[in-house]
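In: got a sequence here, can you build the structure:
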Amino acid sequence: MAKKIFAWSPIRKLMKDNGAEMVARDAVDALIDYLEALAKNVTNKALEMTRHAGRKKLVLEDLELALKVL
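Out: Prediction:
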């Protein structure tokens, strides 16, 4: 299994803070996998916006536009 980018404990805490009394490890792992895939997709789309604008630096506006498009 590849190393996770998101830490396990904060994601578990997030789930518990939103009403999950008990959270299975595989449920946390599944949410982490989803969040990592989503972050990669949004970043790739934002990079398209960055390149289209002729810049090298990804800026907030690129990210906001990527979120609207996706």
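In: pLDDT below threshold where in this structure?
Out: 1-2 (pLDDT under 70).
In: go with 50
Out: Of all residues in the chain, none has pLDDT under 50.
In: would you map the helices across this structure?
Out: Ranges of helices in the chain, per DSSP state H, are 8-17, 25-52, 60-69.
In: let's have those helices in CSV, adding mean neighbour count.
Out: No exception for glycine: its C-beta is placed from N, CA and C like everyone else's. CSV is the format used below for those (neighbours: other C-beta atoms under 10 Å):
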stretch, mean neighbour count
helix 8-17, 13
helix 25-52, 14
helix 60-69, 14
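In: the residue nearest to the spatial centre of the chain and residue 22, how far apart?
Out: For the chain, the residue nearest the mean C-alpha position is residue 39 (3.0 Å; C-alpha atoms, centre = their mean). Separation of residue 39 from residue 22 (C-beta to C-beta, to the nearest Å): 26 Å.
In: just residue 33 next, same as before
Out: Residue 33 is 20 Å from residue 22, by C-beta to C-beta.
In: which other residues reach stretch 53-66?
Out: Residues outside stretch 53-66 that contact it (C-beta atoms under 8 Å, 6 or more residues apart in numbering): 42-43, 45-50.
In: please redo it, this time with the cut-off set to 10 Å
Out: Contact with stretch 53-66 is made by 41-52, as judged by C-beta atoms under 10 Å, 6 or more residues apart in numbering.
In: send the alpha carbons of it over as PDB?
Out: Extracted C-alpha coordinates of stretch 53-66, given in PDB (Å, rounded to 0.1, in the frame of the first residue of the first chain):
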ATOM      1  CA  ALA A  53      -3.000  31.600 -18.300                       C
ATOM      2  CA  GLY A  54       0.700  31.300 -19.200                       C
ATOM      3  CA  ARG A  55       1.800  31.100 -15.600                       C
ATOM      4  CA  LYS A  56       4.000  28.700 -13.700                       C
ATOM      5  CA  LYS A  57       2.500  29.400 -10.300                       C
ATOM      6  CA  LEU A  58      -0.800  27.900  -9.400                       C
ATOM      7  CA  VAL A  59      -2.900  30.600  -7.700                       C
ATOM      8  CA  LEU A  60      -6.100  30.700  -5.700                       C
ATOM      9  CA  GLU A  61      -8.100  31.700  -8.800                       C
ATOM     10  CA  ASP A  62      -6.900  28.600 -10.700                       C
ATOM     11  CA  LEU A  63      -8.100  26.400  -7.800                       C
ATOM     12  CA  GLU A  64     -11.400  28.200  -7.500                       C
ATOM     13  CA  LEU A  65     -12.100  27.800 -11.200                       C
ATOM     14  CA  ALA A  66     -11.000  24.100 -11.100                       C
END
